[in-house]
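Undergrad: 3D, please:
(2 chains)
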Amino acid sequence: MAMTRRTRRLILIGTVGAVLAVAVGLVLFALSGEITLYKTPTEIIEQPRAEGRRLRIGGLVEVGSVVRKDGGQVEFKVTDTANAVPVTYRGLLPDLFQEGQGVVAEGKLDESGLFQADTVLAKHDERYMPKEVVDALKAQGVWEEGQPGGPTPPAAKN
Amino acid sequence: MIVEFGHFALILALAVAVGQSILPIAGFFRRDPALMAVAPRASMMQLLLVALAFAALTYAYLVSDFSLLNVVENSHSEKPLIFKISGVWGNHEGSMLLWALILALFGAAVAAFGGNLPQTLKANVLAVQGWISTAFLAFILTTSNPFLRLAEPPMEGRDLNPVLQDVGLAIHPPLLYLGYVGFSIAFAFAIAALIEGRIDAAWARWVRPWVLGAWIFLTAGIAMGSYWAYYELGWGGFWFWDPVENASLMPWLVGTALLHSAVVMEKREALKVWTVLLAILAFSLSLLGTFLVRSGVLTSVHAFATDPARGVFILAILCLFIGGGLGLFAFRAGTLRQGGLFAPVSREGALVLNNVFLTVAAGVVLFGTLVPLIVSAFGGAISVGAPYFNTVFGPLFGATLLVVPLGPLLAWKRGDLLGALERLWAVFALAALVAVLVAWMKGETHITALFGLGVAVWVLVGAFAELVTRARFREVGLSVGLRRLAGLPRSAFGTALAHAGLGVTLLGIVATSAFQSEAILEMKPGDTATVGAYSVTFDGIRNSSGPNYSESVATMTVREGGVVRFVVEPSRRFYAARQMPTTEAGIRTHGLSQFYVTLGGEGRDSGSVVVRMWDKPLVTLIWLGALVMMAGGTLSLADRRLRVGAPKPARRATVPAE
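TA: Model prediction:
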């Protein structure tokens, strides 16, 4: 089968194009449904239309809000000091999960406004504060550079 | 004194690197052999100086010299010896110094083992290495200097982050860096080729061992990191699609593509320009991997406190090398003579398909990793996690795996696709049989799991089809066939093993994801819980203490059908120096599977704890597969064809075309 240079080049370009098209298709499909939006507690309270969508919320664990239930279920509130969102989670909380400390929860909001988290992340280093938490606190104007338990000043800007 | 000596050596190393960057390349343009001969000597000198600096810092850690800021922040006098050593690179400054050390090591290796390189190529390659060294050493000295002294040294250090006090971490970064930095050699060769405007099959033969070596280390580093996260973070997962993980996966994907395209270039003098581009991309992604998370622009569970002053420097380095490399490529690629085209159905064609899939897969991972950054530049805030990557990367990589067994069965120039499929017929039947058998035994199983299982068997067994075909067992019988098999080049076995390793890893991933059992519950001493086929009894908790922590250890007896199988002891530790608790998972390996238990905080009732348990069937295959891949790579590296300077074997004609 004698193929001309042109045919061979066309087949090559066609293959590359096809793989790229499939990849772009997959990316667009994933972007429409599989992306996690990041919201602060205030945004969730003020625009409560995010039910069923995958969300990530950041803030502080409200002091006195942690309630342990049966079967490893935990409920707590994530606050940016202005508003607080109730969160429920089943699983092991991270080692550095503490009341008054920064936390990031990922999951979905149900109809009653309860945030069903499937992942809870706390800072993993006493000098590091998750970016989401810093942003949420900054949005409320309560972020202080170098506050106790918070990051050292250089980290505050990241 | 020793510390000042190390600091001075590092400054001197920067001066040598500047010389190494300029003189050899000036020698190239002025055709001055004396100037070009500076390159190997400068490389050796640089290795010596950076090694001295590194040794000085290690010494400071060993003797707990708390007049050094870096030691104060990351060490403690009571820390075990091994973590005093690994603490050297368990922080930003030290890890950058390790990077520079490995870079100098590779440069010196090129100088030492590159005896058969043309002088101009060697001079240019080492000069490019010099540029990279200059950038890194300047970065370390100006923004991340580990040798800064404190005017008033404290009595005790702040200790290394407990999560990092682990043997896994002691070896993970060096392996990963050996991989990342190894690609700098390929990059240097690519830039040198672009400067000279000349490239041939010999170039590929020189570059391939370095790429292969880097690839082996990167594979090891990724697998090690994955296993470390699995047992240390206590989440029971082996891959989180975290930006740091993606950062190591992307160079691996592009490096794998480079490995394959270099074969085509070496054998057929085709794909030259593409190979050069891949060499530039592999190192660019390694740089991105080193810096992206360090700079703090991406949120990651791995991110540590960062200094924005570094960000600008990092951005400059990235722009210089990635932008400069790609710019030079765009400007000079036209001068490289194009290789020939080839039939679509051929070994070359299959390797091109591999390259297309791998680079596109790397592209979607890059997109997913960077898109939060792009969105945040426009004021939005999103995060891209596992769901995106599973949806996009899964099918693309799955398609790649489907064609893996086919490639080696196609001949160079023009392959016989039907013939290859015919030879794989038995493998296909076996894969289908395994999937059906498992479906029948396990009852209701998700279709994706069965498909994944079939693909795993297809890749694992199909990897050996080439060996069987080339030994020609069917035509010549078993004994002659075995002798023919023994006579095959090592690289053929290397290919088979590396491909089989992919199948092994996939098998582990599918088995664990589809068939693991899990339980989360609150337990008191004396309670018994059921996980899969096992019943677990919580016997009690005792307190003990380690060198720099105190811990409470839970004892759990695991029974199967009433018979005691093993005892698992998960614990919670408290590191006093950092006032930080950690969870140490209790993991028991039985056969290829593992039983995994972690402790959470206190439960609702006093004396009870929250426990999470998994039975993870065949989970160890995930990392054993990486070991098999590495063994394959090492075997290929040992092939005499690849040994630098080895002439082409004379009896090549008797070996069937490969």
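Undergrad: what's around B:Ile171, how many residues?
TA: A count of nearby residues for B:Ile171, using other CB atoms under 10 Å in any protein chain shown, gives 15. All C-beta atoms are positioned from the backbone trio N, CA, C, and that covers glycine.
Undergrad: Relative to chain A, how far out is it?
TA: Distance, B:Ile171 to chain A, using CB to the nearest CB, to the nearest Å: 20 Å.
Undergrad: Same question for B:Leu48.
TA: In terms of CB to the nearest CB, B:Leu48 sits 34 Å off from chain A.
Undergrad: Name the SS class of that residue, please.
TA: helix (DSSP: H, G, I helix; E, B strand; the rest coil).
Undergrad: Just give me the neighbour total for it.
TA: By other CB under 10 Å, 16 other residues sit near B:Leu48.
Undergrad: partners of the residue lying closest to B:Pro525 once chain neighbours are set aside in the sheet?
TA: With sequence-adjacent residues excluded and distances taken as CB to CB, 6 or more residues apart in numbering or on different chains, B:Pro525 is closest to B:Gly540, at 4.5 Å. Under DSSP bridges, the beta-bridge partners of B:Gly540 are B:Thr555.
Undergrad: number of nearby residues for A:Leu28?
TA: Each residue near A:Leu28 was counted by other CB under 10 Å, and the total is 10.
Undergrad: any idea how far the residue nearest to B:Pro525 is from B:Met523?
TA: Distance check for B:Gly540 against B:Met523: by CB to CB, to the nearest Å, it reads 11 Å.
Undergrad: Point to the residue nearest the middle of the chain.
TA: Since you didn't name a chain, this refers to chain A. For chain A, the residue nearest the mean C-alpha position is A:Arg56 (2.9 Å; CA atoms, centre = their mean).
Undergrad: wait, I meant chain B there
TA: Taking CA atoms, centre = their mean, the centroid of chain B lies closest to B:Leu218, which sits 2.7 Å from it.
Undergrad: now the helices for the stretch 151-300 of chain B?
TA: Under the criterion DSSP state H, counting those that start in this stretch, helices of the stretch 151-300 of chain B are mapped to B:167-196, B:201-232, B:243-268, B:272-292.
Undergrad: I meant chain A, not that one.
TA: Along chain A, the segments classed as helices by DSSP state H run A:5-33, A:41-46, A:131-139, A:153-156.
Undergrad: Ok, which of those helices comes nearest B:Phe393?
TA: For B:Phe393, the closest of the helices of chain A is helix A:5-33, at 8.6 Å, according to CB to CB.
Undergrad: Show me which residues of the closest one are buried.
TA: Across helix A:5-33, burial judged by 16 or more other CB atoms under 10 Å in any protein chain shown covers A:Arg8, A:Ile11, A:Leu12, A:Thr15, A:Val16, A:Val19, A:Ala23, A:Leu26, A:Val27, A:Ala30, A:Leu31.
Undergrad: can you check stretch B:564-581 too?
TA: By neighbour count with 16+ other CB under 10 Å, stretch B:564-581 contains the buried residues B:Arg565, B:Val568, B:Pro570, B:Ser571, B:Arg572, B:Arg573, B:Phe574, B:Tyr575, B:Ala577, B:Arg578, B:Met580, B:Pro581.
Undergrad: do stretch B:433-447 as well
TA: Buried residues in stretch B:433-447, counted by 16+ other CB under 10 Å: B:Val434, B:Ala435, B:Val438, B:Ala439, B:Thr445.
Undergrad: Which element, helix or strand, includes the closest residue in space to the last one that isn't next to it in sequence?
TA: When you say that, I think you mean B:Thr445. Using CB to CB, 6+ apart and skipping the chain neighbours, the partner closest in space to B:Thr445 is B:Ala439 (5.4 Å). Assessed by DSSP states H and E, B:Ala439 sits inside helix B:425-442.
Undergrad: Also B:Arg484?
TA: Per DSSP H and E, B:Arg484 falls inside helix B:473-486.
Undergrad: by how many degrees do the helix or strand following that helix and helix B:425-442 diverge?
TA: Next in sequence after helix B:473-486, counting helices and strands by DSSP H and E, comes helix B:490-515. Calculated by axes from the mean of the first three to the mean of the last three CA atoms, to 10 degrees, helix B:490-515 forms an angle of 20 degrees with helix B:425-442.
Undergrad: Let me know the average pLDDT across helix B:490-515.
TA: Helix B:490-515 shows a mean pLDDT of 94.
Undergrad: Kindly provide the distance from the residue lying closest to B:Leu482 once chain neighbours are set aside to B:Gly419.
TA: Take B:Leu482 and drop its neighbours on the chain: the residue closest to it by CB to CB, 6+ apart is B:Ala471, 7.2 Å away. Counting by CB to CB, the gap between B:Ala471 and B:Gly419 amounts to 17 Å.
Undergrad: Now do the contacts for B:Val254.
TA: By CB atoms under 8 Å, 6 or more residues apart in numbering or on different chains, the contact set of B:Val254 is B:Leu278, B:Leu281, B:Ala282, B:Leu285, B:Leu358, B:Thr359, B:Ala362.
Undergrad: what does the stretch 351-500 of chain B put close to chain A?
TA: When proximity is defined by CB under 8 Å from any CB of the partner chain, the stretch 351-500 of chain B lies next to chain A at B:352-353, B:356-357, B:360-361, B:363-364, B:367-368, B:371, B:381-385, B:387-388, B:391-392, B:395-396.
Undergrad: Could you report the neighbour count for B:Phe331?
TA: A total of 10 residues lie near B:Phe331 under the criterion other CB under 10 Å.
Undergrad: Could you do the one 4 residues further on as well?
TA: Counted by other CB under 10 Å, the residues lying close to B:Thr335 total 12.
Undergrad: Around the nearest residue to it once chain neighbours are set aside, how many other residues sit close by?
TA: Among residues not flanking B:Thr335 along the chain, B:Gly197 sits closest, at 4.1 Å (CB to CB, 6+ apart). B:Gly197 has 12 neighbours, counted by other CB under 10 Å.
Undergrad: and if you look at B:Gln119?
TA: Using other CB under 10 Å, B:Gln119 has 16 other residues around it.
Undergrad: How about A:Arg90?
TA: 16.
Undergrad: And B:Trp235, by the same measure?
TA: Neighbours of B:Trp235 under the rule other CB under 10 Å: 18.
Undergrad: which one is it nearest to, not counting chain neighbours?
TA: Once flanking residues are discounted, B:Trp235 sits nearest to B:Ala229: 7.7 Å by CB to CB, 6+ apart.
Undergrad: now the strands: where do they sit in chain B?
TA: B:382-383, B:517-523, B:528-531, B:534-545, B:550-560, B:563-568, B:571-575, B:580-584, B:586-590, B:593-602, B:609-616 (DSSP state E).
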